[in-house]
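>>> just coords:
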């Protein structure tokens, strides 16, 4: 028995050693497998990164941005400095300002690949797109209360559009969406002849004061001008005679030189981070027209009504 016992002890000890060895072997295999798996994951990740880098090889290393409504670099920095910082964070890409003086210079800059992305109004987009046909909207900016209005003095004997015949009407500058194209379209669609029926004066920034001073009979402009006049001068002085339909959206225009997948990525990030981006546009206090605005999907066809308005007005798109 003693011998058996000894043999049994040796047998049990042997089992223990084998179990221990087995356990060590198993752990080793696990570590090996784990290390192998980790390496595989790392290699797969590296491969994905390389593939991603290959796919993005033609993406720009910075984004050159312009706004057709802002003249000069200093003004651009003052009005859109916070926007630039936020856009860089959102896109994880350097953003560089490019100053333009108007839509004509903007179109030229886009045509000669000096700008990648440009903020423009709907009328400006139509004109720029006529110069650079392959340019297109990235996203639209849907503005609150963006439509044209026809305004008269409260005490004037003007109560219908027919009463406007023979009157002088102040508008903004030629091509202004809310200050020229919009109100002109209202009158044309109602069957009036702009040249024969009215004395239309394009007074640009002097239009509101000219109306207040009664140098002209009527003011045709954006609805927000009416609200600002009422805020400044109080109720009971001006009357809304007619309000037009919503106007097409402002838009970020993409250069045709940008890779399509890059633009799609920018579009996605703009839409996903729109609250933060719009807030950065508003924070300077220089872009109140975008209060309560939102980014929306946009396509070139959205601006066909604007093109038709140009055609109806006999204006050349250039």
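Now that the structure is in, tell me what you want to look at. This structure is a prediction, so every number in the text was calculated from the model and none was measured. Numbers count the residues shown, from 1 in each chain.

>>> Just give me the neighbour total for the residue nearest to residue 102 when sequence neighbours are not counted.
Of all residues not flanking residue 102 in the chain, residue 68 sits nearest, at 6.5 Å (Cβ to Cβ, 6 or more residues apart in numbering). Where C-beta positions appear, they are placed from N, C-alpha and C, glycine not excepted. Close neighbours of residue 68, defined as other Cβ atoms under 10 Å, add up to 25.

>>> do residue 166 as well
The local packing count at residue 166 equals 9, with neighbours defined by other Cβ under 10 Å.

>>> One more: residue 275?
By the other Cβ under 10 Å criterion, the neighbourhood of residue 275 contains 10 residues.

>>> which element is it on?
For residue 275, the host element (DSSP states H and E) is helix 274-282.

>>> Give me the pLDDT for the residue nearest to residue 102.
We have a pLDDT of 91 for residue 68.

>>> rewinding a little: parallel or antiparallel, which strands does the following helix or strand past the helix holding residue 275 pair with?
As assigned by DSSP H and E, the chain's next helix or strand after helix 274-282 is strand 294-296. Each strand that strand 294-296 pairs with, and the sense of that pairing, follows from DSSP bridges: strand 136-142 (antiparallel).

>>> which residues of the protein fall in strands?
Taking DSSP state E as the criterion, the chain carries its strands at 62-67, 94-97, 117-120, 136-142, 147-153, 168-171, 199-202, 218-222, 238-246, 250-254, 294-296.

>>> Reformat these as TSV; add distance to residue 110 and mean neighbour count.
Rendered in TSV, the data for those read as follows (distance: least, Cβ to Cβ, whole Å; neighbours: other Cβ atoms under 10 Å):
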stretch	distance to residue 110	mean neighbour count
strand 62-67	8	20
strand 94-97	15	16
strand 117-120	6	25
strand 136-142	11	22
strand 147-153	27	22
strand 168-171	28	24
strand 199-202	26	16
strand 218-222	26	26
strand 238-246	27	16
strand 250-254	7	25
strand 294-296	21	18
